[in-house]
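Asker: just a sequence and a predicted model for now, questions to come.
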Amino acid sequence: MEPTAATTTDARADLTQFKLTQYGHGGGCACKIPPGELEQAVRGLGGQTNPEVIVGLDDGDDAAAVLVQDGLAVLSTADFFTPMVDDAFDWGRIAAANALSDIYAMGGTPVVAINLVGWPRGVLPMELLAEVLRGGLAVAQLAGIPVIGGHTIDNPEPTYGMAVTGTAHPEKLLRNDAAQAGLPLTLTKPIGVGLMNNRHKQTGEVSQAAVDSMVSLNREAAAAALAAGATAATDVTGFGLLGHLHKMARASGVGAVIDRSAVPLIEGAAEALRDGYVSGGTRRNLDWVRPHVTPGSGITEEDLLLLADAQTSGGLLVVGEVPGYPVIGQTVSGAGISVR
């Protein structure tokens with residue numbers, strides 16, 4: 001018998017009893033391995049020499065870029081994580097937008113995606129996984145690309161993401177090692193979703209503003225950055241604004257100044273910070289980047305924690321002014337990050 005609309009609705013309603021955030025030790029990009037530990041682990045992979053590799057591992061850029069013919073580079077990336085929201089469909093949408101962001105952060109166009117899944121099949125129903133995959137497909141369709149296959153394993157924690165392949169013109173890449181001193185820094189999404197996700201995990205209260213931000217594609221922001229003549233950018237995800245800015249500044253041999261008051265916040269983030277919903281990933285981010293950060297007069301520990309907040313599917317941090325988006329600071333000669 002074919003399921004009716006009513007039985008389908010009832011089945012989905014039954015799935016809401018599963019609070020996905022309670023099945024993972026972390027959530028979203030906050031569950032990433034800390035940047036210092038990760039750099040140590042992958043150190044042995046650096047220094048590979050291949051003339052076709054335009055962007056590789058050495059500077060920790062958002063995606064790899066390989067020249068396949070004159071005027072055409074193929075971009076490759078993968079991203080996955082444990083749930084940061086309880087709603088399976090929303091988790092799928094967020095994970096897909098986050099994976100696609102690496103391609104947009106390089107100035108590329110996504111072409112195809114495949115699913116990456118770890119699922120506790122004896123604990124969570126497969127119908128719930130179907131909702132996750134449905135969410136991922138919805139965002140991929142919004143991006144105009146197919147989702148073709150993937151890989152699944154039986155895993156103690158639910159894990160979902162995508163490997164995405166894209167293309168770009170090799171001379172029009174947005175790279176994290178191409179920043180020049182004396183240019184504005186533009187941020188295309190507000191920060192603070194890590195705080196809202198941690199509050200959601202602990203209280204069950206959903207931040208629709210955070211969900212809306214995380215499912216939003218960085219496609220338009222990337223196009224605007226390229227149109228404005230930008231050559232350097234990165235997306236702000238698990239290492240926080242400070243961490244990703246430090247990686248870009250270090251790779252480019254420049255310093256940076258952040259105007260704390262100019263950094264946009266997601267609705268409710270300031271209150272979540274006040275109430276102590278700071279994730280362990282955020283604290284590890286700040287521990288890693290702190291030696292490279294000079295706080296100005298009036299900048300508090302809470303300010304630094306906010307700037308280190310572990311984002312999931314955050315915006316683009318672009319070197320250069322991008323019309324329609326806020327300027328939050330500038331690049332400077334020298335090294336290190338000043339916060340004023």
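Answerer: Sure, I can see it.
Asker: neighbours around Glu220, how many?
Answerer: Applying other CB atoms under 10 Å, we find 12 other residues in the vicinity of Glu220. Placement of C-beta: from N, CA and C, glycine included.
Asker: and Ser333, by the same measure?
Answerer: Other residues within reach of Ser333, judged by other CB under 10 Å, total 10.
Asker: does it touch Val254 like I think?
Answerer: Yes - using CB atoms under 8 Å, Ser333 is in contact with Val254, at 6.8 Å.
Asker: intersection of neighbour lists for those two?
Answerer: Common neighbours of Ser333 and Val254, using CB atoms under 8 Å, 6 or more residues apart in numbering, are Ala181.
Asker: so for Ala63, what's the pLDDT?
Answerer: Per-residue pLDDT puts Ala63 at 86.
Asker: next, the contact list for it, please.
Answerer: Ala63 makes contact with Val55, Leu75, Ser76, Thr77, Asp102, Ile103, Ala105, Met106, Gly108, Gly166, according to CB under 8 Å, 6+ apart.
Asker: and the residues you listed, which are buried?
Answerer: Buried residues within the contacts of Ala63, defined by neighbour count using 16 or more other CB atoms under 10 Å: Val55, Leu75, Thr77, Asp102, Ile103, Ala105, Met106, Gly108, Gly166.
Asker: what's the closest of the residues you listed to Val85?
Answerer: Set against Val85, the nearest of the buried ones among the contacts of Ala63 by CB to CB is Asp102 (20.5 Å).
Asker: surely that closest one is within a helix?
Answerer: Yes - assigned with DSSP: H, G, I helix; E, B strand; the rest coil, Asp102 falls within a helix.
Asker: pretty sure it is in contact with Asp235, am I right?
Answerer: Yes - between Asp102 and Asp235 there is a contact under CB under 8 Å: 6.7 Å.
Asker: okay, and the common contacts of those two?
Answerer: Shared contacts of Asp102 and Asp235 (CB under 8 Å, 6+ apart): Asp62.
Asker: check contacts around the nearest residue to Pro156 once chain neighbours are set aside.
Answerer: Excluding its sequence neighbours, the residue lying closest to Pro156 (CB to CB, 6 or more residues apart in numbering) is Pro120, at 5.8 Å. For Pro120, the set of contacting residues under the criterion of CB under 8 Å, 6+ apart consists of Tyr23, Asp154, Asn155, Pro156, Glu157, Pro158.
Asker: beta partners of Leu185?
Answerer: Beta-bridge pairing for Leu185 (DSSP bridges): Val319, Gly329.
Asker: wait, it sits on Gln330?
Answerer: Yes - applying CB under 8 Å as the test, Leu185 and Gln330 come out as touching, 5.7 Å apart.
Asker: more neighbours, the two?
Answerer: The residue with more neighbours, out of Leu185 and Gln330, is Leu185; 27 against 18, by other CB under 10 Å.
Asker: how near is that one to Val263?
Answerer: From Leu185 across to Val263, the span is 10 Å (CB to CB, to the nearest Å).
Asker: any residues in contact with both of the two?
Answerer: If you check Leu185 and Val263 against CB under 8 Å, 6+ apart, the residues they both contact are Ile328.
Asker: sketch out the low-pLDDT regions of the chain for me.
Answerer: Along the chain, segments meeting pLDDT under 70 span 1-13, 27-30, 33-36, 39, 46-48, 56, 59.
Asker: domain parsing for this structure?
Answerer: The record's domain split for the chain, according to automatic domain parsing, is 5-170, 174-339.
Asker: residues near Thr109, how many?
Answerer: Residue crowding around Thr109 was assessed by other CB under 10 Å; the count is 18.
Asker: residue contacts, it?
Answerer: Counting by CB under 8 Å, 6+ apart, Thr109 has contacts Ile103, Gly166, Thr167, Ala168.
Asker: what are the bridge partners for it, then?
Answerer: Here Thr109, judged by DSSP bridges, has bridge partners Thr167.
Asker: doesn't Leu15 make contact with Leu128?
Answerer: Yes - with contact defined as CB under 8 Å, Leu128 counts as touching Leu15 (5.2 Å).
Asker: which of the two has more residues huddled nearby?
Answerer: Comparing Leu128 with Leu15 by neighbour count (other CB under 10 Å), the higher total belongs to Leu128, at 21 against 17.
Asker: any idea which element Met162 lies in?
Answerer: strand 159-168 (DSSP states H and E).
Asker: the nearest residue to Leu72 once chain neighbours are set aside: neighbour count?
Answerer: Of all residues beyond its chain neighbours, the one nearest Leu72 is Thr167 (6.3 Å), with distances taken as CB to CB, 6+ apart. Close neighbours of Thr167, defined as other CB under 10 Å, add up to 15.
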